[in-house]
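Got a predicted structure plus its sequence, pasted below:
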Amino acid sequence: MILFLRFLAFTFKKLPRKCALHLGVWLARLAGLIFISKKKTCMINLGIAFHDTISLKEKNKIISRMYANLGKNAVD
């Protein structure tokens, strides 16, 4: 795992920033699809935070944007 993370860090440094950010977003969203239990936790937390006043589509949009933001932060 450490070697993989070092490889990603090396790759991100060599890419132009815009490309690296897009790759980070893509990888983070892929991780969001793989780790379904985390999405369920996010759904529960959004339900608690917004008292079920937002739709399922809006919750999915928030979760997708959250993963995109995590990917950008990881690259930076």
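Thanks, I have it. Numbering: from 1, shown residues only.

Give me the contacts around the strand or helix carrying Ala74.
In this structure, Ala74 sits in helix 56-75 according to DSSP states H and E. Residues outside helix 56-75 that contact it (CB atoms under 8 Å, 6 or more residues apart in numbering) are 12, 20-21, 23-29, 31-32, 39, 42-43, 46-47, 54. (C-beta placed from N, C-alpha, C; glycine too.)

If we go by neighbour counts, what in that helix is buried?
Under the neighbour-count criterion of 16 or more other CB atoms under 10 Å, helix 56-75 has Lys59, Ile63, Ser64, Tyr67, Ala68, Leu70, Gly71, Ala74, Val75 buried.

returning to what we had before: tell me the buried residues within the contacts of helix 56-75.
By 16+ other CB under 10 Å, those give 12, 20-21, 23-25, 27-29, 32, 39, 42, 46 as buried.

Tell me how many other residues crowd Ile2.
The number of residues packed near Ile2 is 6, by other CB atoms under 10 Å.

Which single one of the buried residues of helix 56-75 is nearest to Ile2?
Ala74 (15.2 Å; CB to CB).

just the helices in the chain please.
Residue ranges of the helices in the chain, as given by DSSP state H, are 2-14, 17-34, 36-50, 56-75.

Which of those comes out lowest on mean pLDDT?
Comparing mean pLDDT across the helices of the chain, the weakest is helix 2-14, with a mean of 87.

separation between Thr41 and Lys61?
Relative to Lys61, Thr41 is positioned 17 Å away (CB to CB, to the nearest Å).
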